[in-house]
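Visitor: The following block contains a protein sequence and its predicted model.
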Amino acid sequence: MKILITGSAGQLSRELQLALAGEGKVLALGHKLLDLAEPAQIRRQVRLLRPDLIVNAAAYTAVDSAQGDRERAFAVNATGPGVLAEEAAALGVPLIHYSTDYVFDGSKADPYREEDLPAPLSVYGASKLAGEQAIQAVGGDHLILRTSWVYSLHGRNFLLTMQRLLQERDALSVVDDEIGAPTWAGTIAQVTAEIVRKRRSGSGGAGGLYHLTASGETSWYGFACHIAQHLQNQGRLRARIEPILSADYPTAAQRPLNSRLNCARLQHDWQISLPHWETALQQCLGDMPHAREEHAVPAAQSV
């Protein structure tokens, strides 16, 4: 099986390249060869490579920057995925795409289900919702996986930012009234690989829209405290952390206060077990005895 993965240098794409390496020939393209803002380039590459599966891990993820860069955010997060869906349908192959908790406004008291009405608060959230809708409108074989608070040891994310700031500063204030589930990119990649295997064996669920996050919940402050504990265990912690309200930390884009996603449908339909966010964080940081080893993706497969 030939698997095309977009966004080769991104944190999720890197984990997907590792997780899917045993499922077939992985072809990972970066934005120089496959820019989601360039429909003609998308069509040319997909028709040239003729993959058996397309996994779209590329996205415009700079939430605050998107507020002033609406055109490109929608080009990458909405138009591009729609074109990928069209090309996948033309080939008769499935498309796996990733979306976000930011499609919701966070006003619900309980974790969001797939059937809940989206109401994004930001350009980023609106562009990701438009991408979901563009894929669904094509009507081809697709799987949309909404996730939240993604982090890894690569790229730009909350984990790496906190690790740096907690060693540089004397004090740090972190938002404590936004609740969600920090989700390791490795968890998303491993679940994706399991879905691919089950689809090939005919034992999986149906396509469509699913929520995929780690289990459990915390605030950004709670997440930061766990990162601080890891640094303290290594003798590298400098800063003390204090909780604040989101109103005291203004940003260009408004964030949902409730980012919790109900993942029961994924667990039921695909018989997939999702790890607790604390366990996954320990695995990512290498704090667990049998933490996953990093293996380099063959350079010839990653462009």
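Guide: Sure, I can see it. Just so we're clear, the structure is a prediction, and the values are computed from it rather than from any experiment.
Visitor: so is Leu36 in a helix, a strand, or just coil?
Guide: coil (DSSP: H, G, I helix; E, B strand; the rest coil).
Visitor: do you know how far Ala89 is from Tyr112?
Guide: Ala89 sits 28 Å away from Tyr112, going by Cβ to Cβ, to the nearest Å. Where you see a C-beta, it was placed from the backbone N, CA and C, and this is true even at glycine.
Visitor: which stretches of the stretch 151-300 of the chain form helices?
Guide: 158-168, 185-201, 220-233, 264-270, 277-285 (DSSP state H, counting those that start in this stretch).
Visitor: Mind putting those helices into CSV with distance to Leu29 and mean pLDDT?
Guide: Formatted as CSV, the helices of the stretch 151-300 of the chain follow (distance: least, Cβ to Cβ, whole Å; pLDDT from 0 to 100):
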stretch, distance to Leu29, mean pLDDT
helix 158-168, 24, 96
helix 185-201, 17, 96
helix 220-233, 32, 97
helix 264-270, 27, 96
helix 277-285, 25, 96
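Visitor: Which one, of those, ends up nearest to Pro250?
Guide: helix 220-233 (14.8 Å; Cβ to Cβ).
Visitor: Just the buried residues of the closest one, please?
Guide: Neighbour counts over helix 220-233 (16 or more other Cβ atoms under 10 Å) mark Trp220, Tyr221, Gly222, Phe223, Ala224, Cys225, His226, Ile227, Ala228, His230, Leu231 as buried.
Visitor: What score does the residue lying closest to the third one once chain neighbours are set aside have for pLDDT?
Guide: Looking back up the chat, that one is Gly222. Ranked by Cβ to Cβ, 6 or more residues apart in numbering and with sequence neighbours excluded, the top spatial neighbour of Gly222 is Asp176, at 7.5 Å. You'll see Asp176 listed with a pLDDT of 97.
Visitor: didn't Asp176 look like it was pressed against Trp220?
Guide: Yes - counting by Cβ atoms under 8 Å, Asp176 does reach Trp220; the two are 7.1 Å apart.
Visitor: tell me the secondary structure for Ile3?
Guide: Criterion first, three-state DSSP; result for Ile3: strand.
Visitor: partner residues bridging it?
Guide: In this entry, Ile3 is beta-bridged to Val26, Leu53, by DSSP bridges.
Visitor: That one and Tyr221, how far apart?
Guide: The value you get for Ile3 to Tyr221, if Cβ to Cβ is used, is 38 Å.
Visitor: Let me know the pLDDT of Gly202.
Guide: Reported pLDDT for Gly202: 87.
Visitor: what's around it, how many residues?
Guide: Gly202 has 6 neighbours, counted by other Cβ atoms under 10 Å.
Visitor: Now Gly131: which helix or strand?
Guide: helix 123-138 (DSSP states H and E).
Visitor: Please apply the same query to Glu86.
Guide: helix 80-91.
Visitor: what comes up buried for that helix?
Guide: Gly80, Pro81, Gly82, Val83, Leu84, Ala85, Glu86, Glu87, Ala88, Ala89, Leu91.
Visitor: got the CA coordinates for that helix in CSV?
Guide: C-alpha atoms of helix 80-91 as CSV (Å, rounded to 0.1, in the frame of the first residue of the first chain):
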residue,chain,number,x,y,z
GLY,A,80,-6.9,22.4,0.2
PRO,A,81,-8.6,19.6,2.1
GLY,A,82,-11.5,19.8,-0.3
VAL,A,83,-9.2,19.4,-3.3
LEU,A,84,-7.5,16.4,-1.6
ALA,A,85,-11.0,14.9,-1.1
GLU,A,86,-11.8,15.4,-4.7
GLU,A,87,-8.6,13.8,-5.9
ALA,A,88,-9.0,10.9,-3.4
ALA,A,89,-12.6,10.3,-4.6
ALA,A,90,-11.4,10.3,-8.3
LEU,A,91,-8.8,7.6,-7.4
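Visitor: Against which helices or strands is that helix packed?
Guide: helix 39-49, strand 53-56, strand 95-100, helix 123-138 (3 or more Cβ pairs under 8 Å, 6 or more residues apart in numbering; DSSP states H and E).
Visitor: Give the rounded mean pLDDT of that helix.
Guide: Rounded mean pLDDT across helix 80-91 is 98.
Visitor: Correct me if wrong: Trp240 contacts Leu172.
Guide: Check again: residue 240 is Arg, not Trp. Yes - proximity of Arg240 to Leu172 meets the contact threshold set by Cβ under 8 Å, at 7.3 Å.
Visitor: Perfect, I'm done here.
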